[in-house]
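J.: Following is a predicted model, sequence given first.
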Amino acid sequence: MADPTEDTSRTPERFDVVVAGAGYVGLSVAVSMKAAAPALRVLVVDAAPAEVWRRDGRASAVAAAAVRMLERLGVWHAIEGEAEPIREMIVTDSRAGDVVRPTLLTFGGEANPGEPFAHMVPNTALNGALRERAAALGLEIRSGHAVDGLEEGPAFTTVRFGGAPSIETRLLVAADGVNSTIRRLAGIRTVHQDYGQKGIVCTVRHERPHNGRAEEHFLPAGPFAILPLRRNRSSLVWTESATEADRLVRADEMVFELELERRFGLKLGALAVEDRPRAFPLGLTLARDFVRPRLALAGDAAHGIHPIAGQGLNLGFKDAAALAETVVEAARLGRDIGALDTLERYQRWRRFDTLRMGLTTDVLNRLFSNDSGALRSLRSFGLSVVDRLPFAKNGFVRQASGLTGGAVPRLLQGEPI
């Protein structure tokens, strides 16, 4: 529906691709397309104010395949100084108050000799480097532009904003998060499961070095992950019931640190929380369709999964690489980049992998987020068996690195489109 306050006599700006969302997925899509096909007119719009991304204190696990992509796009050199390679990972299964937590599973940290299977990267470093590359390519990012209407035409989709002129595009990419406004406006339904859990995230400083070791402790309320950062710091992803998580983040600083210490332990010396802990709801959200005519969903707009396997960000990079390859190749062949038959290639490429990972994380969360003695015994036995099978562990590392699992897009192999 047209905005009655908008000047309809004005000819809307036209673009080949408009990307809604200036997070890592949206920026990766835009940079990948523009770098491979400079003639494409690409615009990024974002609902958030211009500088809000600088206040994101979180960090993310960037898999080896995504590092290859960032190297190919010319941004990894700007990130590398803030990235901490994960050199080892251990897994335990216990209760929060247990004095001893036997290590049930250990992983080496290399996907290939000299190539860590993942790095921990501050979100501000990742977003900032992508923004710098976007600027170098001449990409414009319009902040404070919240999409509030869509109108599909035969050759262009009209994108409407509250308080800003409408624009037209041959392809709209929705990378606007798990609660995607564009997905809702397009009438795309989702499958959703609320886990009744929240993930508490914060950064912790400790006295002793972690030596690049990541830890995942399976506790009755859910996984408690300790992920290495630079300079004797670690990023926490701490799963609790929604009620308990809300209580903890509202608690006095001393209460929070005591609860943290019970789970973290003192193996790395005294602990200090660097930023205000925040809690995010956890669930499984899968879009029933990834594409419509002149529309493609990417990242959390297409799929939101539990962080138990640390793969949410890397699924988003796979989307960005696959969508960019689909669109750039279609443009080179002179095909309509927004036509449904063009976009269905992207949907076929990404939907099964996303469904498989979503179901895997759902099963893992249900299996490990409980206090059943029988299940704990079964889990301990299974993890111990896997720990004695080098080929199985190597397979897990390759999977976590993003270098396997169906047809891998060229950018994730470090190759140009």
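T.: Here it is on my side, so go on.
J.: Helices of the stretch 151-300 of the chain, start to end?
T.: 181-185, 242-250, 253-264 (DSSP state H, counting those that start in this stretch).
J.: gap between the nearest residue to P85 once chain neighbours are set aside and E82?
T.: In space, P85 comes closest to P116 once its chain neighbours are excluded; the distance is 3.8 Å by Cβ to Cβ, 6 or more residues apart in numbering. Where C-beta positions appear, they are placed from N, C-alpha and C, glycine not excepted. Using Cβ to Cβ, to the nearest Å, P116 is found at 15 Å from E82.
J.: now do V204
T.: 17 Å.
J.: next structured bit after the helix or strand containing V121?
T.: Using DSSP states H and E, the element containing V121 is strand 118-122. Counting by DSSP H and E, the next helix or strand C-terminal to strand 118-122 is helix 123-136.
J.: Run through the neighbouring helices and strands of the helix or strand just after that next one.
T.: Helices and strands here follow DSSP H and E; after helix 123-136, the next one along the chain is strand 140-142. Here strand 140-142 touches strand 42-45, going by 3 or more Cβ pairs under 8 Å, 6 or more residues apart in numbering; DSSP states H and E.
J.: tell me the mean pLDDT over the helix or strand just after the strand it packs on?
T.: Next helix or strand after strand 42-45 toward the C-terminus (DSSP H and E): strand 59-63. Across strand 59-63, the average pLDDT comes to 96.
J.: picking up where we left off before, would you format the helices of the stretch 151-300 of the chain as JSON lines with distance to A392, mean pLDDT and mean neighbour count included?
T.: JSON lines is the format used below for the helices of the stretch 151-300 of the chain (distance: least, Cβ to Cβ, whole Å; pLDDT from 0 to 100; neighbours: other Cβ atoms under 10 Å):
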{"stretch": "helix 181-185", "distance to A392": "37", "mean pLDDT": "98", "mean neighbour count": "19"}
{"stretch": "helix 242-250", "distance to A392": "33", "mean pLDDT": "97", "mean neighbour count": "16"}
{"stretch": "helix 253-264", "distance to A392": "28", "mean pLDDT": "94", "mean neighbour count": "15"}
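J.: looking at those, which is closest to I305?
T.: helix 181-185 (15.9 Å; Cβ to Cβ).
J.: Just name whatever secondary elements that closest one is in contact with.
T.: Partner elements for helix 181-185 (3+ Cβ pairs under 8 Å, 6+ apart): strand 147-152, strand 164-174, strand 295-297.
J.: quick one: which of those strands is nearest A39?
T.: Ranking those by proximity to A39 (Cβ to Cβ) places strand 164-174 first, at 12.9 Å.
J.: Now do stretch 49-58: distance from first to last residue.
T.: By Cα to Cα, to the nearest Å, the extent of stretch 49-58 from end to end equals 18 Å.
J.: roughly how far is it from the heart of the chain?
T.: On the basis of Cα atoms, centre = their mean, to the nearest Å, stretch 49-58 sits 16 Å off its chain's mean C-alpha point.
J.: List the contacts of that stretch.
T.: 22-23, 122-124, 127-128, 143-144, 201-203, 235, 274-276 (Cβ atoms under 8 Å, 6 or more residues apart in numbering).
J.: quick one: which of these has the most company?
T.: Neighbour tally across the contacts of stretch 49-58 (other Cβ atoms under 10 Å): the maximum, 27 neighbours, falls on A22.
J.: For it, give me its contacts.
T.: Contacts of A22 by Cβ under 8 Å, 6+ apart are 44-46, 48, 53, 127, 131, 141, 143.
J.: Please list only the buried members of the residues you listed.
T.: Buried members of the contacts of A22, scored by 16 or more other Cβ atoms under 10 Å, are 44-46, 53, 127, 131, 141.
J.: which of those lies closest to L375?
T.: N127 (39.1 Å).
J.: got the contact list for that closest one?
T.: N127 touches 22-24, 27, 53, 56, counting by Cβ under 8 Å, 6+ apart.
J.: Now for those residues: which two are most distant?
T.: L27 and D56 (13.3 Å).
J.: and those two? which has more neighbours close in?
T.: Neighbours per residue (other Cβ under 10 Å) separate L27 from D56, with L27 holding more: 28 against 14.
J.: Wait, the more buried one touches E132, no?
T.: No. Using Cβ atoms under 8 Å, L27 is not in contact with E132, being 10.2 Å away.
J.: Give me the neighbour count for R41.
T.: 14.
J.: That one is in contact with V17, isn't it?
T.: Yes. R41 is within contact range of V17, at 7.4 Å (criterion: Cβ under 8 Å).
J.: Quick check: A400 vs A221, distance?
T.: 24 Å.
J.: Of the two, which one has the most company?
T.: Neighbour count, other Cβ under 10 Å: between A400 and A221, A400 has more, with 23 against 19.
J.: Let me see the contact set for that one.
T.: A400 touches 63, 117-118, 309-311, counting by Cβ under 8 Å, 6+ apart.
J.: Next one: it from A64, what distance?
T.: Counting by Cβ to Cβ, the gap from A400 to A64 is 9 Å.
J.: Now the common contact residues for these two.
T.: 117-118.
J.: Would you check that the residue nearest to P85 makes contact with E110?
T.: Yes. At 6.1 Å, P116 counts as touching E110 under the criterion of Cβ under 8 Å.
J.: which of these two has more neighbours?
T.: Per other Cβ under 10 Å, whichever of P116 and E110 has more neighbours is P116, with 21 against 18.
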